[in-house]
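Build me a structure from this.
(one chain, ligands or ions: 1)
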Amino acid sequence: MLLIDNVIAVTMDARRSIVESAAIAIEDERISDLDSAAEIHSRYPDAEIVDGAGMIAIPGLIDTHAHADQSLLRGLGDCLHWMPFLDDVVEPWLASRDPADGVLANALSMMEMLRNGTTCFVSPNVDPRDDYAALTDTIDQLGIRAVLGRFTMPAAGPDSVAIAAETVAAHEEVMRRWHGTANGRVAMWFGLMVPRRPGDTDHPAFYAAVADAARDLDVGITYHFCSEFEDAVYIQNNYGVRPAEWSRDNHALGPNVLLINGCWVTPLEISILADTGTHLAHSPVANMKMATGILPVPDVLAGGVNVSLGTDGALNNNSYDMFGEMKAACLLQNATRRSAAALAAETVLEMATIRGARAIGREHDLGSLEAGKLADIVLVDMRRPGTWPMHDVVSNLVFAATGANVHSVFVDGRKVLDAGRVLGMDEDALLEQVRERALANRTLLGLRERSTGDDA
Ligand SMILES: [Zn+2]
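Next comes the predicted model:
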């Protein structure tokens, strides 16, 4: 048994309890007890102790929208409208990259996530051409938890029920192979694409087949939804309905569906998402950076929809720091609603933890520090000038801390980050490899950095 001792535990349990001078007992991969340090010491006198003096213990952060394969191109997607962003940067990178570089980009992103206290992420649109053996090995080595949304496209040709079933069955086979690998820390989901702009086609039989397969496999579906002003209008002009109505009519909503962005949802759509139990992943930094739109988070939450948080990616954020995301989520709502209390710090901390767990169907074992849940725990060191004094722990976590305050990270009760260093991989060697491959890919893609800087 392991005790994380002498911490302030921000549990995110149903009562949102904060336990001062707490200790957390870990048995194998789960939290077995959490109470005052004195109580825990008397119950488990022989346990191994990790001293957490001066630290806040929080549940591992859950990044529900993170394109983990984009970090080799960090800084090369700035100042672009979403269409050239996809056409001139993202698509050429997917089409031309060596699968080993895809894995390298994922490794870099995961390393950054762990350093920033993220213990679980959802990568949408994981390319079917990727090397899944190497990717899941890397996840295993780093010790992080991942939901991989395998990009699932309809076959060319007619949208027949038979062809759709065959296409989805082929994906299903691959998903069964990798789902549950890395000691259960890899989940395979469907990453869908729905019509967004002229030239996109729709495939009702295919969406129905994906919905059936997701139900059979007991996995989720994630896709970009009603993100941009143009894609919402495109659906409305072509189908005569709002995007949420279109998705509902195409079997693409439900409790196992995590929609990305939804910036332009209307009150009618909020009620459709609530009625169907569909979740929304909100990425305020990327939404602001790309001038995508502003999700009316307080209205969506008040309407009964679960909203989680995501960083989006190295191309449009340009980091995977959920602390920055939490702060930005509050600032965006406060600024645009002209209210300093539009979105509270505690609410965004919920979005980064327990609501994130709910969004991926894992609320029963992730998202809070409670006996029985998996021991995904982050120790945040607040003994720094920028996070001191601590009148209000949650305020300091959301508005003052950054990922750089993260000291240690445990996933499944195993330490994967210690004193800010990733344990599962040689960081310096990886950074050197990234420098070389980032430059090679930039040259291959003919992309130039938009700001001044050196060659990598
Ligand atoms: Zn995205």
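
Tell me how many other residues crowd Ala344.
Ala344 sits with 16 neighbouring residues when counted by other Cβ atoms under 10 Å. C-beta: built from backbone N, CA, C; applies to glycine.

Now do the strands in the stretch 351-456 of the chain.
377-381, 406-411, 414-418, 421-422 (DSSP state E, counting those that start in this stretch).

Which one of these lies nearest to Ala95?
If you check each of the strands of the stretch 351-456 of the chain against Ala95 by Cβ to Cβ, strand 421-422 wins as the nearest, at 30.2 Å.

Just the terminal-to-terminal distance for stretch 296-306.
Using Cα to Cα, to the nearest Å, the end-to-end distance of stretch 296-306 comes to 13 Å.

again with stretch 266-282
16 Å.

returning to that earlier point: can you tell which of the strands of the stretch 351-456 of the chain is closest to Val219?
Closest to Val219 of the strands of the stretch 351-456 of the chain, according to Cβ to Cβ: strand 406-411, at 20.5 Å.

Check which helices and strands the closest one sits against.
Applying 3 or more Cβ pairs under 8 Å, 6 or more residues apart in numbering; DSSP states H and E, we find strand 406-411 packed against strand 377-381, strand 414-418.

avg pLDDT for it?
For strand 406-411, the mean per-residue pLDDT is 98.

burial of the residue nearest to Gly143 when sequence neighbours are not counted, as a residue count?
Of all residues not flanking Gly143 in the chain, Val416 sits nearest, at 3.5 Å (Cβ to Cβ, 6 or more residues apart in numbering). Neighbourhood size, Val416 [other Cβ under 10 Å]: 22.

Please tell me how far Val416 sits from Val174.
Per Cβ to Cβ, to the nearest Å, Val416 is found 27 Å from Val174.

excluding its backbone neighbours, what's nearest Glu230?
Leaving aside its chain neighbours, Glu230 sits nearest to Arg197 (6.5 Å; criterion: Cβ to Cβ, 6+ apart).

Just the local confidence number for the residue nearest to Asn316 when sequence neighbours are not counted, please.
Closest residue in space to Asn316, ignoring its immediate chain neighbours: Ala286 at 4.3 Å, by Cβ to Cβ, 6+ apart. Model confidence at Ala286, given as pLDDT, is 98.

okay but Ala286 is in contact with Leu309, surely?
No: contact between Ala286 and Leu309 fails when scored by Cβ atoms under 8 Å: they sit 11.2 Å apart.

More neighbours: which of the two?
A count of neighbours by other Cβ under 10 Å puts Leu309 above the other of Ala286 and Leu309, at 29 against 23.

what bridges to that one?
For Leu309, the beta-bridge assignment (DSSP bridges) gives partners His282.

so who does it touch?
With contact set as Cβ atoms under 8 Å, 6 or more residues apart in numbering, Leu309 has these partners: 62-64, 281-284, 322, 325-326, 329, 348, 351-352, 355-356.

hmm, 10 Å instead?
61-65, 281-285, 297, 322, 325-326, 328-329, 348-353, 355-356, 359 (Cβ atoms under 10 Å, 6 or more residues apart in numbering).

all helices of the stretch 101-250 of the chain, in order?
Ranges of helices in the stretch 101-250 of the chain, per DSSP state H, counting those that start in this stretch, are 132-142, 161-178, 181-184, 204-217, 229-239, 243-249.

Alpha carbons of the shortest one, as CSV, please.
Taking only C-alpha atoms (Å, rounded to 0.1, in the frame of the first residue of the first chain), the coordinates of helix 181-184 have been written out as CSV:
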residue,chain,number,x,y,z
THR,A,181,-4.2,-2.6,-24.6
ALA,A,182,-1.6,-0.9,-22.4
ASN,A,183,-3.1,-2.7,-19.4
GLY,A,184,-6.6,-1.4,-20.1
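
any low-confidence regions in this structure?
For the chain, the stretches with pLDDT under 70 are 449-456.

Quick check: bridge partners of Ala187?
With DSSP bridges as the rule, Ala187 is bridged to Val147.

Could you pull up the residues touching it?
120, 122, 145-149, 175, 178-181, 218-220, 360-362 are the contacts of Ala187 under Cβ under 10 Å, 6+ apart.

List buried residues within those residues.
120, 122, 145-149, 175, 178-179, 181, 219-220, 360-362 (16 or more other Cβ atoms under 10 Å).

from those residues, which is closest to Val89?
Gly149 (19.7 Å).

Is the closest one in contact with Pro128, as I believe?
No: between Gly149 and Pro128 no contact is recorded; they are 11.2 Å apart, counting by Cβ atoms under 10 Å.

shared neighbours of those two, anything?
Shared contacts of Gly149 and Pro128 (Cβ under 10 Å, 6+ apart): Gly191.

coming back round to it: and for Ala286 and Leu309, which residues touch both?
Common neighbours of Ala286 and Leu309, counting by Cβ under 10 Å, 6+ apart, are His65, Glu325, Ala328.

Would you format these as TSV with distance to Gly446 included?
Shown next, in TSV, are the shared contacts of Ala286 and Leu309 (distance: Cβ to Cβ, whole Å):
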residue	distance to Gly446
His65	28
Glu325	31
Ala328	32
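
which one of those residues is nearest Gln141?
His65 (23.7 Å).

Look up how far Ile360 lies from the closest one.
Distance, His65 to Ile360, by Cβ to Cβ: 11 Å.

quick one: contacts for the nearest residue to Ile270 once chain neighbours are set aside?
Using Cβ to Cβ, 6+ apart and skipping the chain neighbours, the partner closest in space to Ile270 is Gly303 (3.9 Å). With contacts defined as Cβ under 10 Å, 6+ apart, Gly303 is in contact with Val265, Pro267, Glu269, Ile270, Ser271, Ile272, Leu273, Ala274, Asp275, Pro296.

so how far does stretch 242-262 reach from one end to the other?
11 Å.

If you could redo that for stretch 297-315, that was the one I meant.
Counting by Cα to Cα: the opening and closing residues of stretch 297-315 are 24 Å apart.

still on that earlier bit, and the residue nearest to Glu230, how close does it get to His224?
11 Å.

Please say which of those two ends up with more neighbours.
Counted by other Cβ under 10 Å, Arg197 and His224 do not tie: His224 has more neighbours, with 21 against 13.

Hmm, that one is touching Asp200, no?
No: look at His224 against Asp200 with Cβ under 10 Å: they stay out of range, at 11.7 Å.

who touches both of the two?
By Cβ under 10 Å, 6+ apart, the residues touching both His224 and Asp200 are Met193, Val194, Asp231.
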